[in-house]
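# fold the following.
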Amino acid sequence: MRILVLSQYFWPESFRINDVVAGLVERGHALTVYTGMPNYPGGRFFDGYGFLGPRFEKYRGAEVRRAPVLARGSGSGLRLVLNYASHALLATLLAPWLARGAFDAILVFEPSPMTIGIPGRWLRAAKRAPLLFWVQDLWPESLSATGAVTNTAVLSAADRLVRWIYRGCDRVLVQSEAFVASVAAHGVPRECIHYLPNSAEAFYRQLEPGRDDPEAQELPAGFRVMYAGNIGAAQAFATILSAAELLRAETSIQWVVLGDGRMRSWVEAQIRDRGLAGCFHLLGQRPPERMARYFAHADVLLATLRREPIFAYTIPSKIQSYLACGKPVIAALEGEGGRIIRDAGAGWVVPPENPKALADAVLAASHTPGPELKAIGDRGAACFREHFDREKLLTRLEQLLREAAAR
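Now for the predicted structure:
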């Protein structure tokens, strides 16, 4: 099949769609990716990129075409609005040139912002190809939950935009079954909504820690509680820091964060102000291909979100990565994310934004014998193979694309 993928974010930014594109190419499909200039999460263009280019690249056998976008900067306020709006506008205006060609199907990958659906709808009409819209973040709910938007008029306008985008889709795919009700409430017929969870890249796998691994040399000695991913408003870092304060006397417990995001400078200041420099370590972003090796040297992996109704519907994509690597998970999550860990027996689940509960779970994990921790991690890996296996989910996506193209 000839497949056009739309996403505001793409390699060298670290998003699941990178691996989906590579997987579809591996299966013999011709992939074209229409995206923006990489600037997430740091808010600055990656080295070698700028507002005007490069326009055309290759990625693991796929054609990559990039529209200009204003960099997101700190990721808050007017700068974020301009980032979203500039990509939606310029990607639509430049689509006749940058997205030229015939396609059998169009796949839109939507972590926020939902505005990626604007060029998606235009391309559906121009190409006369079916549009499949893969929802990663619910709008407008996630706008209010993260505090990005509080104005009721803006939220109402966002709701109308979502309805308009969904009306132009042939299929709406959802990364969590809990998303179905919201999508249906926005006017999508139930038979057009399909559950397609995220998987994890093939390099996320169980590894034995090697004494000479360079990753081990970067990590503090002790019981390592490792968090990987975005350092943002949604991730409840105040809770993590408060839990670390409660466990300050447990000097063997070390908190390690691999990632970046708009809250990083705030977290750095909090570490200084709370006197946590001896146990709380921000190591920055690392290449995704190395993450499994870092995880191999962790004792438990940490997933947190704020206590908001919308986040109870979400499966944070790090859950699949954690499970694939066969490490115990401490999940300060409600709803779907917590349910997966609990049902699999893959770790500890505590209420979000509850520092005492999180600290108690970390302490309990630190007192758990090594063989038992290994068994907990193995149960998580078995859950991943059953429910989130990469090849199974690629096959399901292929089936949905073919069915849409055949109608």
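
# any weak-confidence spans in the protein?
145-149 (pLDDT under 70).

# gap between the most centrally placed residue in it and Ser144?
In the chain, the centroid-proximal residue (CA atoms, centre = their mean) is Ser317; its distance is 4.6 Å. Ser317 is 21 Å from Ser144, where distance means CB to CB, to the nearest Å. Backbone N, C-alpha and C define where each C-beta goes, glycine included.

# the helices in the stretch 1-150 of the chain, which residues?
16-26, 77-93, 95-98, 117-127, 141-145 (DSSP state H, counting those that start in this stretch).

# can I get those helices in CSV with mean neighbour count and distance to Arg224?
Shown next, in CSV, are the helices of the stretch 1-150 of the chain (neighbours: other CB atoms under 10 Å; distance: least, CB to CB, whole Å):
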stretch, mean neighbour count, distance to Arg224
helix 16-26, 21, 25
helix 77-93, 18, 33
helix 95-98, 15, 44
helix 117-127, 21, 41
helix 141-145, 21, 30
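
# dump the ones you listed to a markdown table, plus distance to Thr395.
Formatted as a markdown table, those follow (distance: least, CB to CB, whole Å):
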| stretch | distance to Thr395 |
| --- | --- |
| helix 16-26 | 10 |
| helix 77-93 | 30 |
| helix 95-98 | 30 |
| helix 117-127 | 24 |
| helix 141-145 | 29 |
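
# among those helices, which is nearest Arg306?
helix 141-145 (7.2 Å; CB to CB).

# show the subsequent helix or strand relative to that closest one.
Using DSSP states H and E, the helix or strand that follows helix 141-145 in sequence is helix 152-167.

# packing partners for that following helix?
helix 117-127, helix 141-145 (3 or more CB pairs under 8 Å, 6 or more residues apart in numbering; DSSP states H and E).

# dump these into TSV; add distance to Ala233 as well.
Shown next, in TSV, are the helices and strands packed on helix 152-167 (distance: least, CB to CB, whole Å):
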stretch	distance to Ala233
helix 117-127	23
helix 141-145	9
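
# of the ones you listed, which is nearest Ala331?
helix 141-145 (17.9 Å).

# packing partners of that closest one?
Using 3+ CB pairs under 8 Å, 6+ apart, helix 141-145 sits against helix 152-167, helix 309-313.

# the longest one vs helix 117-127, what angle?
Between the axes of helix 152-167 and helix 117-127, defined by axes from the mean of the first three to the mean of the last three CA atoms, to 10 degrees, the angle is 30 degrees.

# show residues contacting helix 152-167.
114-115, 117-118, 120-121, 133, 139-140, 143-144, 149, 172, 183, 186-188 (CB atoms under 8 Å, 6 or more residues apart in numbering).

# gap between the two ends of stretch 109-127?
18 Å (CA to CA, to the nearest Å).

# just stretch 89-106 next, same as before
18 Å.

# ok, residues contacting that stretch?
Here stretch 89-106 has contacts from 1-6, 8, 32, 34, 36, 55, 65-69, 116, 118-120, 122-124, 126-127, 129-132, 401, 404-405, using CB under 8 Å, 6+ apart.

# before we move on, what about stretch 257-267?
Residues contacting stretch 257-267 (CB under 8 Å, 6+ apart): 41-43, 74-76, 226-233, 235, 237, 241, 280-286, 291, 294.

# flag every buried residue along the helix or strand harbouring Lys392.
Assessed by DSSP H and E, Lys392 sits inside helix 390-406. Under the neighbour-count criterion of 16 or more other CB atoms under 10 Å, helix 390-406 has Arg390, Leu393, Leu394, Leu397, Glu398, Leu400, Leu401, Ala404, Ala405 buried.

# of the helices of the stretch 1-150 of the chain, which is nearest Cys325?
helix 16-26 (15.1 Å).

# the helix holding Lys392 - contacts with which helices or strands?
helix 16-26, strand 105-110, strand 131-135, strand 171-174.

# of the helices and strands packed on helix 152-167, which is nearest Cys192?
helix 117-127 (13.9 Å).

# Gly338: what's it in contact with?
Gly338 neighbours (CB under 8 Å, 6+ apart): Ala331, Val349.

# that one: which element?
helix 335-344.

# from the chain's centroid, how far away is the very next helix or strand once past that helix?
Heading C-terminal from helix 335-344, the first helix or strand you meet, by DSSP H and E, is strand 347-350. A distance of 20 Å separates the centroid of the chain from that of strand 347-350, by CA atoms, centre = their mean, to the nearest Å.

# what packs against strand 347-350?
strand 329-332, helix 335-344, helix 355-366.

# columns distance to Leu305 on top of these, output as JSON lines?
Shown next, in JSON lines, are those (distance: least, CB to CB, whole Å):
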{"stretch": "strand 329-332", "distance to Leu305": "7"}
{"stretch": "helix 335-344", "distance to Leu305": "7"}
{"stretch": "helix 355-366", "distance to Leu305": "12"}
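
# returning to what we had before: possible to save the helices and strands packed on helix 390-406 as CSV with distance to Thr251?
Below are these laid out as CSV (distance: least, CB to CB, whole Å):
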stretch, distance to Thr251
helix 16-26, 37
strand 105-110, 44
strand 131-135, 44
strand 171-174, 44
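
# for Lys327, which of those is the nearest?
helix 16-26 (19.2 Å).

# the inter-axis angle of that closest one versus helix 390-406?
Using the same axes, to 10 degrees: helix 16-26 against helix 390-406 is 80 degrees.

# how far is helix 16-26 from where the chain is centred?
The answer for helix 16-26 is 15 Å, by CA atoms, centre = their mean.

# same thing with stretch 296-311?
12 Å.

# using CSV, list the CA coordinates for it.
Provided in CSV are the C-alpha atoms of stretch 296-311 (Å, rounded to 0.1, in the frame of the first residue of the first chain):
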residue,chain,number,x,y,z
ALA,A,296,18.4,-3.3,33.1
HIS,A,297,20.3,-1.4,35.8
ALA,A,298,17.1,-0.1,37.5
ASP,A,299,15.4,-1.9,40.4
VAL,A,300,12.0,-0.5,39.6
LEU,A,301,10.5,1.8,37.0
LEU,A,302,8.2,4.7,37.8
ALA,A,303,5.1,6.1,36.0
THR,A,304,3.2,9.0,37.4
LEU,A,305,0.4,11.3,36.2
ARG,A,306,-1.6,14.0,37.9
ARG,A,307,-5.0,13.2,39.5
GLU,A,308,-7.3,14.3,36.7
PRO,A,309,-10.2,12.4,35.2
ILE,A,310,-8.8,12.5,31.7
PHE,A,311,-5.5,10.8,32.8
